[in-house]
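Enquirer: here is the input, now give the coordinates:
(one chain, ligands or ions: 1)
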Amino acid sequence: MTARNKIYFASDIHLGALSYTSSREREARFVRWLDTIKHDASELFLVGDVFDFWFEYKTVVPKGYIRFLGKLAELVDLGIKLYLFKGNHDMWMFDYFVQELDATIINDELVLERQGKKLYLHHGDGLGPGDGKYKVLKKVFRSRLCQWLFERLHPNFGVGVANYWSRHSRLAQKDNEQRKSDEQEWLVSYCKDMLKTEYYDYLIFGHRHLPLDIALNGGSRYINLGEWIHYNSYATLENSVVELRYFEPKE
Ligand SMILES: [Mn+2]
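Expert: Numbering: from 1, shown residues only. Here you go, the predicted model:
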């Protein structure tokens, strides 16, 4: 029995995305990864967009993902603490995972200290300069009224429309994301701004869909967790160091 001395971070698995077959294949891969971490993980942070779409009705949740949810339950039952961040695709998680998985749901950012390091975590949507349209949309989508109205739609229609919309998001585009200059990597700008007033050792995000580990001023690092369609990327915190890693790399 190994010690539970590692913390794991992953994001943007987008379960349900692209096609049923590709989602099932990705789910199986992610479950294999969860199997490899279950003996040494103390905490698991899923930093948003785990689902390509999620909505909880009062008595009903979306179909699918049973192996993934079963595996999460197994990890939680082994004593691993689970954190689920709301992403821009799955902001409508309410109390189902709190009830079933003892998960802590994070609405926006989470600041915490682990292994003597100060961490800042956020999915990454709606931060930094620009993207004004999305910032407004996020406020609307997250409002109780919007949720209440969506809940009134029949799921066959509501989830149908949502899935149609998801399928036309940037994930559906064929090309991988490309690294931009630091000035154009808007989360880098956001981190640099934040670091002017508060020190963090690691600033960890998803949303960018590109695994990144960028040194910032003063020894801080910006980590982007990438995604699970092209990269199978994740990060670990072990011996006070955060490292970006790849599960079952293609080459
Ligand atoms: Mn995403």
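Enquirer: what's around the residue in the stretch 101-250 of the chain that the ion sits nearest to, how many residues?
Expert: The ion sits closest to His207 of the stretch 101-250 of the chain, with a gap of 5.4 Å, by CB to the ion. (Glycine included, C-beta is placed from N, CA and C.) His207 has 24 neighbouring residues, counting by other CB atoms under 10 Å.
Enquirer: residues contacting it?
Expert: His207 makes contact with Ser11, Asp12, Gly48, Asp49, Gly87, Asn88, His123, Gly124, Asp125, Leu187, Asn224 under the criterion CB atoms under 8 Å, 6 or more residues apart in numbering.
Enquirer: cool, and Arg179?
Expert: Neighbour list for Arg179: Glu185, Leu210, Leu212 [criterion: CB under 8 Å, 6+ apart].
Enquirer: per-residue pLDDT, it?
Expert: Looking at Arg179, its pLDDT reads 86.
Enquirer: how about Asp182?
Expert: At Asp182, the model reports a pLDDT of 82.
Enquirer: which residue is the nearest non-sequential neighbour of it?
Expert: Val188 (4.9 Å; CB to CB, 6 or more residues apart in numbering).
Enquirer: ok, Phe205 to Lys196 distance?
Expert: Relative to Lys196, Phe205 is positioned 18 Å away (CB to CB, to the nearest Å).
Enquirer: comparing these two, which residue is more hemmed in?
Expert: When Phe205 is set against Lys196 and neighbours are counted by other CB under 10 Å, the residue ahead is Phe205, at 26 against 8.
Enquirer: what's the burial count for the closest residue in space to the more buried one that isn't next to it in sequence?
Expert: Nearest non-adjacent residue to Phe205, counting by CB to CB, 6+ apart: Gly124, 3.7 Å away. Neighbours of Gly124 under the rule other CB under 10 Å: 28.
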